[in-house]
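**Q** below are the sequence and a predicted model for it; my questions follow.
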Amino acid sequence: MGKPTITDLARAAGVSVTTVSHAFSGRRHVEPETRRRIEALAEEIGYRPNHRAQRLRTGRAGSIALVSSMPFAVAAGPSRLGFLMEIAAAAAVTAFSRGISLCLVPPLGPRDSLEALEVDGAIVVEPERDDPVLDFFSDRGVNIVCIGRAPGRDDLPFVDLQSGATARLLLDHLFSGNSNVGLITGQQRRNSYIEMEAAYAARIEETGASPTAIRIDENGGEQAAAEAAERLLRAEPSISALCVPVDAFATGVLDAARALGRRVPEDLRLATRYDGMRAKLATPPLTAVDLHLDHVAAAAVDLLLAHLGDGATTPQALAPPTLVVRPSSTASKRSNSARSPDGRSRA
C-alpha cells in the first residue's frame, strides 16, 4: 500500500481536502477540535503534508520574517538572550507548527540587509514612528503584522503589548512607596515609550509632584544610560525611585547608583519593563513585568497567517501583564508584603 494522501486523510476525518490543507497551513481558520482530530488521524495513518507542493501551488515562499529596528544594545541581553530573542524563539515554534519557516533578521538596516529576502510576510517588533523597516516591506507589498502598535500607522494590524497597562503597573508600584519617581525612556518614538510617558505625566499631574524625565538614544545601550543616570542623580538628588522601561538602561542605572554610592533599593528604588535575563541576573534583581511574550509571539504568527489568507486583522485577546516584584524596589515592609512566594505581585 502506498503512502496515504491528503484525500485519504480527508475521507478518514470526514472533512474536505481544503479543510485538511488549511489545518496544516494555518492560513484559514479551522475549528481547534477539527484541527486536533485531523492531526491525530494524520499521525495514526502516517500522513505527512507536502509543504513543498503547497508552496508550488500557492506561489509563496513558505517563510515569514521577524525583524526589529531596535539595536542589539537594547533588544538582546546577556549572551544575546533578550527581548527580541524570546519573541523569536516562541514565534519560530508556532510558525513551524503551521508549516512555515521563520527568518530572524538582525537590525542591520533594511536597505543593506533585506534586498534579497524572500518572505510571504513580516512581523515587526515594536516599530518606531516612521520606521524604515515598515517602509521597506510596505514598498514591496509584503504583508506586515506588528508586535505593539506602530505609531502613526493605524492601517497595520498588530498584537497589543498592552503598554498602557504595563506603565500603570510599574508606576503604581513605585509611587506607592511615597517616592519621588523619575522616568528614563528611549529617544526613539516607540509606542511603549509614548504610553509610558503619557502615564507618567498623568500620575505627576495627579500627585502634584515635579516631573523628572529624560530620554536616551537606544544605540548607546547600558553605557549611555549609566552616564545619563549619573548626571540625573547628581542634578536631582531627591529622586528616590526610577522607572526605566528598557532593561539595558536599567542595568546602566545600577552602575550609576554604585558609582554615586546610592544603595538599591534603600536609597533608590528601581523597576524595568521586560522580565528577561538582565532583570533576573542584576544585582539586586530588578522588579519587572511578565509581558507573556510567548503568547504574544504566537498570536502575531497566527494573525499574520490569517492576514495572508483572508485579510482578518482583529488582534487576539491576551492575558494582562503581570508585575514581578524583586529586591530592587522592595525598600519597605509594605512592598515585601505585596509579593507572592514566586515574587509576583498579589495586586
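**A** Happy to help now that I have it. Computed from a predicted model, the values in this text were never measured in an experiment. Residues are numbered from 1 along each chain as shown.
**Q** ok, which stretches of the stretch 1-150 of the chain are helices?
**A** Taking DSSP state H, counting those that start in this stretch, the helices of the stretch 1-150 of the chain run over residues 6-13, 17-25, 32-45, 51-58, 72-75, 83-97, 110-113, 132-139.
**Q** which residue is nearest the centroid of the protein?
**A** L293 (5.5 Å; Cα atoms, centre = their mean).
**Q** how many neighbours does the residue lying closest to S63 once chain neighbours are set aside have?
**A** Spatially, and ignoring its direct neighbours in sequence, S63 is nearest to S101 (4.3 Å; Cβ to Cβ, 6 or more residues apart in numbering). For glycine as for every other residue, the C-beta is placed from the backbone atoms N, C-alpha and C. When neighbours are counted by other Cβ atoms under 10 Å, S101 registers 13.
**Q** next: the one 4 residues further on.
**A** Using other Cβ under 10 Å, V105 has 18 neighbouring residues.
**Q** go on, E86?
**A** Neighbours of E86 (other Cβ under 10 Å): 21.
**Q** so V30 is in contact with S21, correct?
**A** No. Distance between V30 and S21: 9.6 Å, which falls outside the contact criterion (Cβ atoms under 8 Å).
**Q** just to revisit the earlier point, who's in contact with the residue nearest to the centre of the chain?
**A** Contacts for L293 (Cβ atoms under 8 Å, 6 or more residues apart in numbering) come out as F83, E86, I87, A90.
**Q** give me that answer again for 6 Å
**A** By Cβ atoms under 6 Å, 6 or more residues apart in numbering, the contact set of L293 is E86, I87.
**Q** so what's I64 closest to, chain neighbours aside?
**A** Nearest non-adjacent residue to I64, counting by Cβ to Cβ, 6+ apart: G121, 4.8 Å away.
**Q** mind pulling up the pLDDT for the one you found?
**A** The confidence metric pLDDT takes the value 90 at G121.
**Q** before we move on, what about G309?
**A** pLDDT, G309: 75.
**Q** ditto for M1
**A** Taking M1 on its own, its pLDDT is 53.
**Q** cool, and N336?
**A** N336 is assigned 39 on the pLDDT scale.
**Q** kindly state the domain boundaries assigned to the chain.
**A** 6-49, 63-161+294-307, 163-290+322-329 (automatic domain parsing).
**Q** mind telling me which of the ones you listed the model trusts least?
**A** Minimum mean pLDDT among the domains of the chain: domain 6-49, a mean of 81.
**Q** look up how far P265 lies from the residue nearest to I64.
**A** The gap separating G121 from P265 is 44 Å, by Cβ to Cβ, to the nearest Å.
**Q** need the contact list for L171.
**A** Contacts for L171 (Cβ under 6 Å, 6+ apart) come out as A199, R203.
**Q** and it, what element?
**A** Assessed by DSSP states H and E, L171 sits inside helix 163-175.
**Q** show me what counts as buried in that helix.
**A** S163, G164, T166, A167, R168, L169, L170, L171, H173, L174, F175 (16 or more other Cβ atoms under 10 Å).
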